[in-house]
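Participant: predicted model follows, preceded by the sequence.
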Amino acid sequence: MAKLRVRVQGRSGDYWRYTLSSWLREVKELLEQEYNVSLEIVEEDVDIDVPRILVENEMVLEGVPGEEGYLIEALKKALDEILKKTTRQ
């Protein structure tokens, strides 16, 4: 089982960074089961205007989507690509 780091970057105390982190925690188990991975969610204080999400240093999303479903789709696309790369190596 692969262990992947999901980083949520943004200003400390920022409402939108908090929102992204909350959404990630809500869908974490679903994604772990579907992809047979372990996701570690880490919040990082970065002085940027809009929060962003990175998985294994790959940019997944910048800003906050209109709904949680868009976040899930962006994460699934990123996980597909990252896991494809790791199986080739």
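Facilitator: Looks like it arrived, so ask away. Numbers count the residues shown, from 1 in each chain.
Participant: any regions of this structure where pLDDT drops low?
Facilitator: 87-89 (pLDDT under 70).
Participant: could you redo the last one with a cut-off of 90?
Facilitator: Residue ranges of the chain with pLDDT under 90: 1-2, 67-68, 83-89.
Participant: all strands of it, in order?
Facilitator: Along the chain, counting by DSSP state E, strands occupy 2-10, 37-45, 52-55, 58-62.
Participant: closest to Tyr70 out of the ones you listed?
Facilitator: Across the strands of the chain, Tyr70 has its closest neighbour in strand 58-62 (8.3 Å, CB to CB). (Glycine included, C-beta is placed from N, CA and C.)
Participant: packing partners for that closest one?
Facilitator: Helices and strands touching strand 58-62, by 3 or more CB pairs under 8 Å, 6 or more residues apart in numbering; DSSP states H and E, are strand 52-55, helix 68-88.
Participant: let's have these in a markdown table, adding distance to Leu61 and mean neighbour count.
Facilitator: Formatted as a markdown table, those follow (distance: least, CB to CB, whole Å; neighbours: other CB atoms under 10 Å):
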| stretch | distance to Leu61 | mean neighbour count |
| --- | --- | --- |
| strand 52-55 | 5 | 21 |
| helix 68-88 | 5 | 14 |
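Participant: quick one: which of those is nearest Met1?
Facilitator: Of the helices and strands packed on strand 58-62, the one closest to Met1 (CB to CB) turns out to be helix 68-88, at 11.2 Å.
Participant: how many neighbours does Met59 have?
Facilitator: Using other CB atoms under 10 Å, Met59 has 11 neighbouring residues.
Participant: skipping adjacent residues, who's closest to it in space?
Facilitator: Arg52 (6.6 Å; CB to CB, 6 or more residues apart in numbering).
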